[in-house]
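**Q** Structure of the sequence below:
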Amino acid sequence: MFDLEAIRKDFPILERTVHGRPLVYLDNAATTQKPHAVIDALVEYYEHYNSNIHRGLHTLAEEATGRYEEARLKVARFINAPGAESIIFTRNATESINLVAQGWGRTHIKAGDEIVLTIMEHHSNFVPWQMLAKETGAVLRFVDIDDEGKLRPEDWQRFVGERTKLVTLTQMSNVLGTINPVREIGALAHRYGALVFVDGAQSVPHMPVDVQDLDCDFLVFSSHKMLGPTGVGVVYARRSILEEMTPFLTGGHMISKVTLEGSTWNDLPWRFEAGTPNIADVIAFGAAIDYLEGIGMRAVRRHEIELTAYALQVLSEIPDVTLYGPKDASIRGAAVSFNLSDLHPHDVGTVLDSYGIAIRAGHHCAQPLMTRLGVVATARASFYLYNTREEVDALAQGVKEAAKFFGNVIVSRPRAGRAL
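**A** Model (predicted):
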């Protein structure tokens, strides 16, 4: 039972006002708000069993270690990983991508090898591979989008081949909301012996994700985009791949034995978690997963489809609004990017903020995609499980007010928003 009113009561920040108006938080693709259960888990750790982990034999250390490793088990279950040893904790999804690029890429990518990406990738899934290609002499190939923001199937057939060593793509675009056919693309890559890397930063928080069903080799995502604290990222990788990877960071705890002559590494997954980890926030991330599982990811997805469909409808009825991404809410995520006439998105965002409405305005760490769209930036409203239709109405009214404020002429007869 998806009880929206009860869910909203779990988030204390939704009770605050901004500029004298109720907060309408529509910047969930950047980070999500935290329920009481997550906040309480943080406080409980620091008040009752604050200790370092994997080292001490005393009660506090054992309790902290147990809760930390319990969170790893929860993450594995949440994405249906075969085992907890395939789950590595990092600081964020960006570090997770760098861990794979350095730990796997430096060993396996050679001059002339090809890495296939998409034009819609977040910078975090662009720059590490650019750097790796420069270091190794590998070649990057970029799959383009069509006029609705979907990846071009013909590009996959053209770019993926014998020289391909890695296909890396987002499962859900943080700008267009496009949900990519990861399983089909992965099957093509595996046919040529290439590995498949999935950026799940936008998908894992919003829809059921099963790594075994996707048959991906790597998946990364972040805690803070799915109700958890900041400072926690996740790498999932097949165990056979992790066993061959070189540790990205070295030092304390990731070793098995250190002598003057050299060192050997710890078992999986700890060989990739050097130093004292972000203990409290990992444990609180476990509480966030409990919360999401209590609601059910299918229920979250249904709610977001309904909200996104409504948002696309009401925004398209506003003159001079350009919408980006697929028109069908059932095949896209809950990030809705738009522009209003020739206004800079920062101006639109500033007006909306004066009404207590929080959106994101800018290039969204996707400058190559902005170039492809022919814009410097967009405004973006992104929804989550606690957002309402009334908040979508507030967004639409705020956009109209922005148009009036900057002198745009609003005609009485609405017209549809333009596509890409």
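**Q** Dump stretch 29-37 to PDB, restricted to CA.
**A** The C-alpha trace of stretch 29-37 is given here as PDB (Å, rounded to 0.1, in the frame of the first residue of the first chain):
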ATOM      1  CA  ALA A  29      18.300  13.700  -9.200                       C
ATOM      2  CA  ALA A  30      21.000  15.700  -7.400                       C
ATOM      3  CA  THR A  31      20.300  14.300  -3.900                       C
ATOM      4  CA  THR A  32      17.300  13.000  -2.000                       C
ATOM      5  CA  GLN A  33      15.900  14.000   1.400                       C
ATOM      6  CA  LYS A  34      16.300  11.600   4.400                       C
ATOM      7  CA  PRO A  35      13.600  10.000   6.500                       C
ATOM      8  CA  HIS A  36      13.600   9.800  10.200                       C
ATOM      9  CA  ALA A  37      14.800   6.200  10.100                       C
END
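**Q** so where's the protein uncertain?
**A** 408-420 (pLDDT under 70).
**Q** center of it, which residue is that?
**A** A201 (1.6 Å; C-alpha atoms, centre = their mean).
**Q** which residues does it contact?
**A** A93, H122, S124, T170, N174, V220, F221, S222, K225 (C-beta atoms under 8 Å, 6 or more residues apart in numbering). The way it works is simple: take the backbone N, C-alpha and C, and place the C-beta from them, glycine included.
**Q** mind redoing it with 6 Å?
**A** Applying C-beta atoms under 6 Å, 6 or more residues apart in numbering to A201 gives the contacts A93, F221, S222, K225.
**Q** Out of the residues you listed, which end up buried?
**A** With burial judged by 16 or more other C-beta atoms under 10 Å, the buried subset of the contacts of A201 is A93, F221, S222, K225.
**Q** Dump these to TSV, plus distance to T378 and secondary structure.
**A** Compiled in TSV, the buried ones among the contacts of A201 are given as follows (distance: C-beta to C-beta, whole Å; DSSP: H, G, I helix; E, B strand; the rest coil):
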residue	distance to T378	secondary structure
A93	21	helix
F221	23	strand
S222	22	strand
K225	19	helix
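**Q** Adding distance to V314, write those out as a markdown table.
**A** Listed next are the buried ones among the contacts of A201 as a markdown table, based on distance: C-beta to C-beta, whole Å:
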| residue | distance to V314 |
| --- | --- |
| A93 | 31 |
| F221 | 30 |
| S222 | 30 |
| K225 | 25 |
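**Q** so which of those comes closest to G398?
**A** Nearest to G398 among the buried ones among the contacts of A201, counting by C-beta to C-beta, is K225 at 23.7 Å.
**Q** Wasn't L369 part of a helix?
**A** Yes - the assignment for L369 is a helix, going by DSSP: H, G, I helix; E, B strand; the rest coil.
**Q** Quick check: the gap between the closest residue to it other than its chain neighbours and N180.
**A** Take L369 and drop its neighbours on the chain: the residue closest to it by C-beta to C-beta, 6 or more residues apart in numbering is M120, 5.0 Å away. Counting by C-beta to C-beta, to the nearest Å, the gap from M120 to N180 is 8 Å.
**Q** With S51 instead?
**A** In terms of C-beta to C-beta, S51 sits 42 Å off from N180.
**Q** Compare these two and say which one has the larger neighbour count.
**A** N180 (20 against 16; other C-beta atoms under 10 Å).
**Q** What are the boundaries of the strands in the stretch 201-350 of the chain?
**A** 218-222, 233-237, 255-258, 263-265, 321-324, 335-340 (DSSP state E, counting those that start in this stretch).
**Q** Format those strands as TSV; extra columns: distance to R163.
**A** Below are the strands of the stretch 201-350 of the chain laid out as TSV (distance: least, C-beta to C-beta, whole Å):
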stretch	distance to R163
strand 218-222	20
strand 233-237	23
strand 255-258	37
strand 263-265	31
strand 321-324	32
strand 335-340	33
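**Q** Quick one: closest of those to R67.
**A** strand 233-237 (16.7 Å).
**Q** partners of the closest one, with directions?
**A** Taking DSSP bridges as the criterion, strand 233-237 forms sheet pairs with strand 87-90 (antiparallel), strand 218-222 (antiparallel).
**Q** Most tightly packed of those strands?
**A** strand 218-222 (a mean of 27; mean count of other C-beta atoms under 10 Å).
**Q** So what's the gap between it and the chain middle?
**A** 8 Å (C-alpha atoms, centre = their mean, to the nearest Å).
**Q** Next: stretch 189-208.
**A** Counting by C-alpha atoms, centre = their mean, stretch 189-208 comes out at 12 Å from the chain centroid.
**Q** Could you export it as CSV, CA atoms only?
**A** Extracted as CSV, the C-alpha positions of stretch 189-208 are listed here (Å, rounded to 0.1, in the frame of the first residue of the first chain):
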residue,chain,number,x,y,z
ALA,A,189,28.8,-6.5,-26.0
HIS,A,190,29.2,-9.9,-24.5
ARG,A,191,28.9,-11.5,-28.0
TYR,A,192,32.2,-9.8,-28.8
GLY,A,193,33.8,-10.6,-25.4
ALA,A,194,33.5,-7.0,-24.1
LEU,A,195,32.5,-6.2,-20.5
VAL,A,196,29.5,-4.1,-19.6
PHE,A,197,29.7,-1.2,-17.1
VAL,A,198,26.4,0.3,-15.9
ASP,A,199,26.1,3.7,-14.2
GLY,A,200,23.1,3.1,-12.0
ALA,A,201,23.2,6.4,-10.1
GLN,A,202,19.8,7.4,-11.4
SER,A,203,18.2,4.0,-11.9
VAL,A,204,18.9,2.1,-8.7
PRO,A,205,17.0,4.6,-6.5
HIS,A,206,13.9,4.7,-8.7
MET,A,207,13.2,1.2,-10.1
PRO,A,208,13.9,-2.4,-9.4
